[in-house]
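**Student:** One predicted model, sequence on top.
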Amino acid sequence: MAKAPTVEDVARVAGVSRQTVSNVLNTPAIVRDGTRERVEQAIRDLGYRPHTAARALRTRRSSTIGIHLDPYAGGISGVVLDRFVHALTERATDRGMRVLLYAARTADQEIARMGDLVDGGEIDAVVITGTFHGDPRTRWLTSRNVPFVAFGRPWGVDDVEDPAHLWVDVDGAAGTAAATRFALDAGDRVAFLGWPSGSGTGDERERGWRETMQGAARSGLRLTVRDDVALARAAVADALERHESIDALVCASDSLAIGAHLAAVEAGMPRLPVIGFDNTPSAEALGLSSIEQLPEKVAAGALDLLMGPSGNVVAPRPTTAGAAHVLVEPQLVVRTPSV
């Protein structure tokens with residue numbers, strides 16, 4: 001078996017001292033850009049992986065990022081967060097970091113769990129998901145000076161020019177705007193099936209549809225239900241029975257899109273264009289078009305905010321206007337429904 005590369009090997013290839021390599025790994029900000037880039041290139045070329053336990057003893061860091069694991073609730077759209085956690089773990093490993101999963105059912109329970117992990121020195125930073133208006137987790141993390149990044153923007157504030165914290169998110173409005181532009185090829189009457197108002201994510205997705213329809217001087221039916229296949233099916237069936245004019249349907253999630261598609265099939269309209277959001281395996285199996293969130297890019301963005309583009313330690317980007325976030329533009333995946 002080939003011998004694993006060492007710090008000495010990296011130093012030799014980069015033409016620097018062992019201490020310089022250590023500085024790049026542990027305190028990269030003190031190393032000149034050109035030298036740091038040379039060392040990072042040598043690390044990549046050799047495939048060097050820092051020994052996590054040894055580094056923890058030297059630096060008093062755990063080299064671990066904590067992330068909340070959502071309770072299993074079944075359904076369709078949870079696969080996106082699963083992909084995000086998987087991608088975050090892979091990319092953190094490439095940087096010599098570990099990911100620690102912890103469970104909690106409420107925000108208060110999550111705060112208590114984060115407190116235990118921080119106080120015990122078990123994590124250096126946190127990634128939180130599912131942000132919402134008035135999120136107490138972000139206030140707690142900020143008050144404790146715990147480095148963190150949110151998958152989800154700080155709703156209710158100017159999250160770009162006056163950000164409350166670091167965040168990465170998928171541009172939901174851009175996704176539904178692309179879906180709506182595509183749907184308008186099928187006709188002028190593009191409906192939207194979304195969630196009740198008050199959900200930051202849901203409101204953003206609706207905004208993309210609404211603004212695109214207004215820009216095209218078109219109007220369309222808006223339907224609202226909770227994220228449930230049966231409820232979506234009933235709502236769309238009712239609209240079609242009322243002879244509402246619908247040429248295509250843009251949905252806030254794949255769960256809603258599947259329910260809408262089933263209703264359209266039952267109404268004798270199996271080719272009605274229905275576009276979901278999340279690009280789940282369920283949508284793919286039914287041949288439904290959907291918006292792909294690219295959670296792998298979200299994970300990469302989260303680590304860039306926490307550690308820099310190629311850093312190996314937690315060194316969060318400053319929370320400054322326009323630079324404290326990564327907004328990933330999703331992609332429309334077009335399919336033909338199977339009937």
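**Tutor:** Ah, there it is. Please read all numbers here as calculations on a predicted model, not as lab measurements. Residues are numbered from 1 along each chain as shown.
**Student:** Walk me through the domains of the chain.
**Tutor:** 7-48, 64-170+295-329, 172-293 (automatic domain parsing).
**Student:** Could you tell me the end-to-end distance of the last one?
**Tutor:** Domain 172-293 has an end-to-end distance of 9 Å (criterion: Cα to Cα, to the nearest Å).
**Student:** same thing with the second one?
**Tutor:** End-to-end distance of domain 64-170+295-329 (Cα to Cα): 28 Å.
**Student:** lowest-pLDDT helix or strand in this structure?
**Tutor:** When the helices and strands of the chain are compared on mean pLDDT, DSSP states H and E, helix 52-59 comes out lowest with a mean of 46.
**Student:** Give the partner strands of the helix or strand following that helix in its sheet and their orientations.
**Tutor:** Of the helices and strands lying after helix 52-59 in sequence (DSSP states H and E), the nearest is strand 64-69. Strand 64-69 sits in its sheet next to strand 98-103 (parallel), strand 125-129 (parallel), going by DSSP bridges.
**Student:** Identify each buried residue in whichever helix or strand comes after the last one, please.
**Tutor:** Towards the C-terminus, the helix or strand next in line after strand 125-129, according to DSSP H and E, is helix 136-143. Within helix 136-143, the residues that qualify as buried by neighbour count (16 or more other Cβ atoms under 10 Å) are 137-138, 140-141. Just so you know, the C-beta spots here come from the backbone N, C-alpha and C atoms, and that holds for glycine as well.
**Student:** Check stretch 286-293 too.
**Tutor:** 286, 288-293.
**Student:** Of these, which is the nearest to Thr336?
**Tutor:** Taking Cβ to Cβ as the measure, Thr336 sits nearest to Ser289 out of the buried residues of stretch 286-293, at 8.4 Å.
**Student:** who's in contact with that closest one?
**Tutor:** Residues near Ser289 by Cβ atoms under 8 Å, 6 or more residues apart in numbering: 179, 182, 273-276, 283, 332-335.
**Student:** most neighbours, which of those residues?
**Tutor:** Val274 (33 neighbours; other Cβ atoms under 10 Å).
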